[in-house]
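Novice: structure of the sequence below:
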Amino acid sequence: MLPSHPPSPNYLESASMMSGTLESLSGLGEDGSSIGSDSEINGLAVRRTDKYGFLGGTQYSEGSDKDIRVDVARQRELKWLDMFNNWDKWVSRRFQKVKLRCRKGIPSSLRAKAWQLLSNSKELLDSNPGKFEELEREQGDPKWLDIIEKDLHRQFPFHEMFAARGGHGQQDLYRVLKAYTVYRPEEGYCQAQAPVAAVLLMHMPAEHAFWCLVQICETYLPGYYSAGLEAIQLDGEIFFSLLRRVCPMAYRHLKKFKIDPILYMTEWFMCVFSRTLPWSCVLRVWDMFFCEGVKIVFRVGLVLLKQMLGSVDKLREVQGMYETMERLRNIPPESVREDLLVQEDDRKKKRSKEDKKKEKEEEKRKEKEKKKDKADKESQKKEKERAEKEKKKEKGGKKKDRGGGEAEEKNGATAPRDSA
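Specialist: Below you'll find the model as predicted:
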């Protein structure tokens with residue numbers, strides 16, 4: 001791997017100005033564990049990180065989650081390693097299996113490589129050797145660099161990687177975001193790119209994170225980070241129309257209080273739920289997102305709205321616009337589990353298949369009824385024609401009978417004269 005370049009003196013100076021002093025994670029607790037400076041600044045002294053590296057905050061995991069058995073985890077790792085060795089074959093011929101394994105969750109030890117392969121960012125990395133360093137050496141637009149510097153301390157301040165102002169995490173984040181503004185000067189920098197880049201940096205080196213960010217901005221969410229946000233507004237309209245179908249109750253509630261999708265889905269979609277969900281859920285969503293694309297973001301958004309506003313009891317708790325927005329901005333961690341997101345999505349798929357089956361059966365039934373109606377009409381028509389023929393025949397018979405009677409009468413009348 002090519003050597004990393006240190007940030008420019010200008011950045012270090014500005015980082016120092018932002019924090020008042022260039023702090024680090026050198027402080028130790030009584031038990032010798034690391035204490036993040038920002039966690040102290042934010043009024044929360046946490047001695048240990050959780051298994052994801054969080055020192056505190058809303059995404060800190062209390063206790064241990066329901067862990068997978070060691071033997072099962074090992075089996076999953078071996079399966080993924082086998083896929084890595086034959087990646088093109090798996091993606092082209094057995095993609096459904098890849099998708100299923102992403103839905104179960106990518107092993108944490110292999111997540112970085114999996115994300116890069118799923119997004120094709122590894123291909124970009126391999127075909128552009130030295131490009132990231134070249135972008136770093138460029139001066140960059142001061143307008144964007146100033147905004148980036150101000151945003152650094154806002155990205156996951158309770159995570160051990162970004163807790164120290166001017167620390168290695170913030171330095172790498174600065175490098176990645178600056179490189180993107182040089183790589184795409186016409187787009188520049190969008191603040192929603194910072195948390196996305198930060199999540200990537202939690203799993204991979206800066207250069208790898210940069211190419212992964214490029215793929216997210218240009219392939220997965222094209223137009224989302226451009227000035228004007230036209231793409232996110234358009235997707236907001238699509239999302240709202242889908243909500244009307246999936247959860248009419250939530251749709252009517254949001255419409256009643258004139259809460260446009262752009263008010264809540266901007267953070268959800270543009271940050272890929274990294275600021276919204278418990279961290280185990282974030283990782284599961286990202287695993288599926290890299291595999292299946294933007295439709296995962298739509299599905300998760302619909303599941304959340306259904307969870308938050310999908311019943312009468314839940315709507316009683318949010319009687320106005322303010323309460324509703326607060327609920328959507330601060331989703332209680334206990335109400336959203338990673339399994340729920342996948343299961344709900346699977347249930348939707350199952351319902352969708354069942355609906356399609358019912359639709360086909362309904363179409364067949366209607367077709368059958370049409371054929372029966374047609375046959376009945378044909379039968380009635382034939383019956384009518386037969387009846388008319390019978391009627392005509394009867395009429396013809398009566399005429400013949402009357403004609404024969406008259407002839408007999410005439411014959412009877414003339415017979416005596418002939419005999420005489």
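Novice: mind listing what residue 260 touches?
Specialist: For residue 260, the contact set (Cβ atoms under 8 Å, 6 or more residues apart in numbering) comprises residue 236. In this view, the C-beta of every residue, glycine as well, is placed from N, C-alpha and C.
Novice: that one falls within a helix, correct?
Specialist: No. Going by DSSP: H, G, I helix; E, B strand; the rest coil, the assignment for residue 260 is coil, not a helix.
Novice: and the gap between it and residue 103?
Specialist: 31 Å (Cβ to Cβ, to the nearest Å).
Novice: before we move on, what about residue 274?
Specialist: 19 Å.
Novice: higher neighbour count, these two?
Specialist: residue 274 (23 against 18; other Cβ atoms under 10 Å).
Novice: that one contacts residue 199, correct?
Specialist: Yes. Counting by Cβ atoms under 8 Å, residue 199 is a contact partner of residue 274 at 5.1 Å.
Novice: now for those two: what residues contact both?
Specialist: By the contact definition Cβ under 8 Å, 6+ apart, residue 274 and residue 199 are jointly contacted by 282, 286.
Novice: in stretch 140-155, what counts as buried?
Specialist: The neighbour-count check on stretch 140-155 (16 or more other Cβ atoms under 10 Å) flags 140, 144-145, 147-149, 151-153, 155 as buried.
Novice: my bad, should have said stretch 270-288
Specialist: For stretch 270-288, by 16+ other Cβ under 10 Å, it's 270-288.
Novice: with stretch 99-115 instead?
Specialist: The neighbour-count check on stretch 99-115 (16+ other Cβ under 10 Å) flags 101-103, 105-107, 110-115 as buried.
Novice: what do you get for stretch 245-253?
Specialist: Buried, per 16+ other Cβ under 10 Å, within stretch 245-253: 246-247, 249-251, 253.
Novice: run through who's touching that stretch.
Specialist: 240, 243-244, 302, 305-306, 308-312, 315, 318, 324, 348.
Novice: kindly report the same for stretch 285-298.
Specialist: Under Cβ under 8 Å, 6+ apart, the answer for stretch 285-298 is 98-99, 102-103, 105-106, 111, 114-115, 118-119, 199, 220-221, 235, 238-239, 242, 268-269, 272-274, 277, 300, 341-342.
Novice: quick one: low-confidence parts of the chain?
Specialist: 1-47, 62-67, 343-359, 361-362, 366, 396-420 (pLDDT under 70).
Novice: three-state assignment of the closest residue to residue 335 other than its chain neighbours?
Specialist: Excluding its sequence neighbours, the residue lying closest to residue 335 (Cβ to Cβ, 6 or more residues apart in numbering) is residue 307, at 5.9 Å. Classification of residue 307 by three-state DSSP places it in helix.
Novice: residue 255: neighbouring residues, count only.
Specialist: When counting by other Cβ under 10 Å, one arrives at 13 neighbours for residue 255.
Novice: that one sits in which helix or strand?
Specialist: Using DSSP states H and E, residue 255 sits in helix 248-256.
Novice: follow-up on the earlier one: so which of the contacts of stretch 285-298 sit within helices?
Specialist: 98-99, 102-103, 111, 114-115, 118-119, 199, 235, 238-239, 242, 268-269, 300, 341-342 (DSSP state H).
Novice: quick one on the thing from earlier: ok, of the contacts of stretch 245-253, which one's closest to residue 204?
Specialist: Lowest distance from residue 204 to these (Cβ to Cβ) belongs to residue 302, with 29.8 Å.
Novice: before we go further, that closest one is sitting in a helix, right?
Specialist: Yes. Per three-state DSSP, residue 302 lies within a helix segment.
Novice: could you pull up the residues touching it?
Specialist: Residues near residue 302 by Cβ under 8 Å, 6+ apart: 239, 242-243, 246-247, 348.
Novice: tell me the spacing between it and residue 289.
Specialist: 15 Å.
Novice: what's the answer for residue 193, then?
Specialist: Taking Cβ to Cβ, one finds residue 193 at 15 Å from residue 289.
Novice: again, but for residue 331
Specialist: For residue 331, the distance to residue 289 - Cβ to Cβ - is 18 Å.
Novice: ok, those two, which is more surrounded?
Specialist: Between residue 331 and residue 289, residue 289 has the larger neighbour count (other Cβ under 10 Å), namely 23 against 19.
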